[in-house]
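Engineer: sequence and predicted structure are below.
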Amino acid sequence: MNERHLVVVGASLAGLRAVEAARRSGFDGPITLIGAEPHLPYDRPPLSKEFLDGADLPAFRGEEVLRDELGAHLVLGTTATALDTTARTVRAGEREFPYDALVLATGAGARTLPGTDGLRGVHTLRTREDALAVRGALDAGARTVVVGAGFIGSEVASAARKRGLDVTIVEALPTPLVRAVGETMGGACAALHARNGTDLRCGAGVAAVEGDGRVERVRLTDGTVLAADLVVAGIGAVPATGWLAGSGLILDDGVVCDETLFTGAPGVYAAGDVARWHNPLFGRHMRLEHWTTAAEQGSVAARNALDPAAAKPYSTVPYFWSDWYGSRIQFVGVPATDEVRVVDGDPGGDRFVALYREGDRLAGALTLNGQAQIMKYRGLIMRGASWADGLEFAGRRRAAVMERV
């Protein structure tokens, strides 16, 4: 085992967890961690949350821990450009790195607004540098337009309103968050914007972002013109697979993997935002851009890559959260459309629980300010609870709350 070499491409959460899991499993061979950013691995969710409010963004692990305790050879600020699965090498910068086991954890890149290259004041929000630029503009009182009413865009709007700034969100779809939580509850979440003074404009696209060197206005497809000093594009992300062209891996909205995160190429596994794997719990392929999934997959991918004969499947109930205007939105499972039922609270108020049915099973749960409940529903879904089981559990919780009142 000493002579085997593990290479991890992607120095974010999934990549870090891969390194840690390799050492915990007893692997004592060389590990190389390659990352496109010059920074040590850091936590990304705070970029659109507390970091915009001025909090620090420390690294997950100090350099001495990564180098000395975990024994990782760090290759940071270097983008991987090619994978040769026959020769078992990764090309990054001017060097080639041989591997026996390889974990691909290159994540995803933010989609950009067409025609905005070189226009100052237009940003995505994916890296520390992105977040610093957005934070600086908000601190300066920028007139803010957010394109896309998803979670990142909504968190930017929340940060702007916290400073008392005017902010407009432009969303091309009639209802936001349809893919994430479904149409019915997407509208309920969107109501938070109106209650907190954010101008949400749905059903209108961006025709042009204009300015003389720096953004000055956003022109919408309905003819509206919005003055802007800051434009943040929150229009989704694209898995970082371009460098894998010609590698022989199957690329289809990510690196396609089986239930063990195996890519089909000997020794090569994938994890995090870049992996589209078969989730046995739901019987379908998924690609999840969630913190929890990235952390778990990084660990599983490394262990499976180092001991493929004992590879274990990775199944999970997807989980994500988002903080808007002092409220927390949490979702577990999948946004099934057979039925969505509010089982507690009021979709128009500041607290609710909604359940999602797929066939006769409980498939998902959405809460607004329901931190005490959401993980209980995740456990039910993980155990394969029926729809009736979910409704019964919700009824018991309501009854228990009423008894305490």
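Structural biologist: Nice, I can see it. Residues are numbered from 1 along each chain as shown.
Engineer: count of residues packed around Thr116?
Structural biologist: When neighbours are counted by other C-beta atoms under 10 Å, Thr116 registers 21. All C-beta atoms are positioned from the backbone trio N, CA, C, and that covers glycine.
Engineer: chain neighbours aside, what residue packs nearest to it?
Structural biologist: Excluding the flanking residues, the one nearest Thr116 by C-beta to C-beta, 6 or more residues apart in numbering is Val122, at 4.4 Å.
Engineer: report the buried residues of the helix or strand that contains Glu129.
Structural biologist: When elements are assigned from DSSP states H and E, Glu129 belongs to helix 128-139. Buried residues in helix 128-139, counted by 16 or more other C-beta atoms under 10 Å: Arg128, Asp130, Ala131, Ala133, Val134, Arg135, Ala137, Leu138.
Engineer: for the fourth one, which residues are in contact?
Structural biologist: By C-beta atoms under 8 Å, 6 or more residues apart in numbering, Ala133 lies in contact with His123.
Engineer: go through the buried residues of helix 128-139 and name the one nearest Trp321.
Structural biologist: Checking the buried residues of helix 128-139 against Trp321 with C-beta to C-beta, the nearest one is Ala131 at 18.0 Å.
Engineer: and the closest one, how far from Ser386?
Structural biologist: 43 Å (C-beta to C-beta, to the nearest Å).
Engineer: how about Arg195?
Structural biologist: Arg195 is 35 Å from Ser386, where distance means C-beta to C-beta.
Engineer: thought Gln373 was touching Arg397?
Structural biologist: Yes. Look at Gln373 against Arg397 with C-beta atoms under 8 Å: they come within range, at 6.7 Å.
Engineer: who touches both of the two?
Structural biologist: Overlap of the contact sets of Gln373 and Arg397 (by C-beta under 8 Å, 6+ apart) consists of Asp344.
Engineer: what about Val75, is that helix, strand or coil?
Structural biologist: With DSSP: H, G, I helix; E, B strand; the rest coil as the basis, Val75 sits in strand.
Engineer: list the residues that contact it.
Structural biologist: Counting by C-beta under 8 Å, 6+ apart, Val75 has contacts Thr32, Leu33, Ile34, Gly35, Ala92, Gly93, Arg95, Phe97.
Engineer: partner residues bridging the first one?
Structural biologist: Just to be clear, that refers to Thr32. As for beta bridges, Thr32 partners with Val7, His73 under DSSP bridges.
Engineer: from Leu220, how far out is it?
Structural biologist: Thr32 sits 47 Å away from Leu220, going by C-beta to C-beta.
Engineer: again, but for the fourth one
Structural biologist: Counting by C-beta to C-beta, the separation of Gly35 from Leu220 is 38 Å.
Engineer: tell me which of those two has more neighbours.
Structural biologist: Taking neighbours as other C-beta under 10 Å, Gly35 and Leu220 compare with Gly35 leading, 26 against 19.
Engineer: biggest helix in this structure, by residue count?
Structural biologist: helix 387-404 (DSSP state H).
Engineer: could you pull up the residues touching the residue nearest to Tyr99 when sequence neighbours are not counted?
Structural biologist: Nearest residue to Tyr99, sequence neighbours excluded (C-beta to C-beta, 6+ apart): Val7, at 3.9 Å. By C-beta under 8 Å, 6+ apart, Val7 lies in contact with Ile31, Thr32, Ile34, Val90, Phe97, Pro98, Tyr99, Ala101, Leu102, Val103.
Engineer: could you pick out the buried ones from the residues you listed?
Structural biologist: Members of the contacts of Val7 classed as buried by 16+ other C-beta under 10 Å are Ile31, Thr32, Ile34, Val90, Phe97, Tyr99, Ala101, Leu102, Val103.
Engineer: and the residues you listed, which two are furthest apart?
Structural biologist: Farthest pair in those (C-beta to C-beta) is Ile34 and Ala101. Separation: 14.0 Å.
Engineer: identify the residues contacting stretch 282-294?
Structural biologist: For stretch 282-294, contacts defined as C-beta under 8 Å, 6+ apart pick out 12-14, 17, 43-45, 105, 108, 237, 239, 253-254, 256, 271-279, 316, 318-320, 334, 363.
Engineer: so how far is it off the chain centroid?
Structural biologist: From the chain centre to the centre of stretch 282-294 is a distance of 10 Å (C-alpha atoms, centre = their mean, to the nearest Å).
Engineer: buried ones in that stretch, by neighbour count?
Structural biologist: Going by neighbour count (16+ other C-beta under 10 Å), the buried part of stretch 282-294 is Phe282, His285, Met286, Arg287, Leu288, Glu289, His290, Trp291, Thr292, Thr293, Ala294.
Engineer: same question, stretch 81-92
Structural biologist: Neighbour-count burial for stretch 81-92 flags Leu83, Thr85, Arg88, Thr89, Val90, Ala92 (criterion: 16+ other C-beta under 10 Å).
Engineer: ok, the last one - contacts?
Structural biologist: Think Ala92. By C-beta under 8 Å, 6+ apart, the contact set of Ala92 is Val9, Ile34, Val75, Thr78, Thr79, Ala80, Thr81.
Engineer: what is the neighbour count of the fifth one?
Structural biologist: Applying other C-beta under 10 Å, we find 15 residues neighbouring Thr79.
Engineer: angles on the backbone of it, please.
Structural biologist: With angles defined as degrees, to the nearest 10, Thr79 sits at phi -90, psi 130.
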